[in-house]
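>>> Curious how this folds, go ahead:
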Amino acid sequence: MASYLWTGRRVGTSNVACLRIWSDTLSPHEITQTLGIEPTKTGDKGKQWSKGKGVHRKNLWILHSKLEFDVTIEDHIRRFARLLEEKAARVDNLLNSPGTSIEIMCEFSAEGNQYPMTLEPELLTMLSRFSVTLHLTPWNHLLRTDLTNQ
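Numbering: from 1, shown residues only. Model (predicted):
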């Protein structure tokens, strides 16, 4: 595994991210057992969302990055890429289950409404190894949401 330097903190920013695993066939408990990691939140297929009126169409397993809000979004993403790489054989087992996918959800903002971001080829390669979908959502700096409550 390559060693990446943390790019550090970006003062005046607000950044959050979570790793989400969706599955038609694996329960959140089975995902937890396979990875050996306790999730921040889970959702069971067919049950109501914790907020709202909709129901889960798939089983959902969520892990929040737990990094500080001013740590760069690149580092939030890097944290999950490293985790997936460390658990590669287990992640491969998950992805062999029909209807299972992995995504990283990121929300970021900056006081000046500009947020330069660089995702190095090595990081993108790590994510593509597991067919990770990366969602990047810029937000107004004064608004911050909790991705674990979706």
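>>> and the residue minimising distance to the centre of the chain, how far is that from Asn96?
By CA atoms, centre = their mean, the chain has its centre lying nearest to Leu19, at 2.1 Å. Plainly put, Leu19 is 18 Å away from Asn96 if you go by CB to CB, to the nearest Å. Where C-beta positions appear, they are placed from N, C-alpha and C, glycine not excepted.
>>> Report the contact partners of His56.
Gly43, Asp44, Lys45, Gly46, Lys47, Gln48, Trp49 (CB atoms under 8 Å, 6 or more residues apart in numbering).
>>> Could you save those as CSV and add columns showing neighbour count and distance to Asp75?
Conversion of the contacts of His56 to CSV gives the following (neighbours: other CB atoms under 10 Å; distance: CB to CB, whole Å):
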residue, neighbour count, distance to Asp75
Gly43, 22, 27
Asp44, 14, 31
Lys45, 18, 32
Gly46, 10, 36
Lys47, 12, 33
Gln48, 12, 34
Trp49, 13, 29
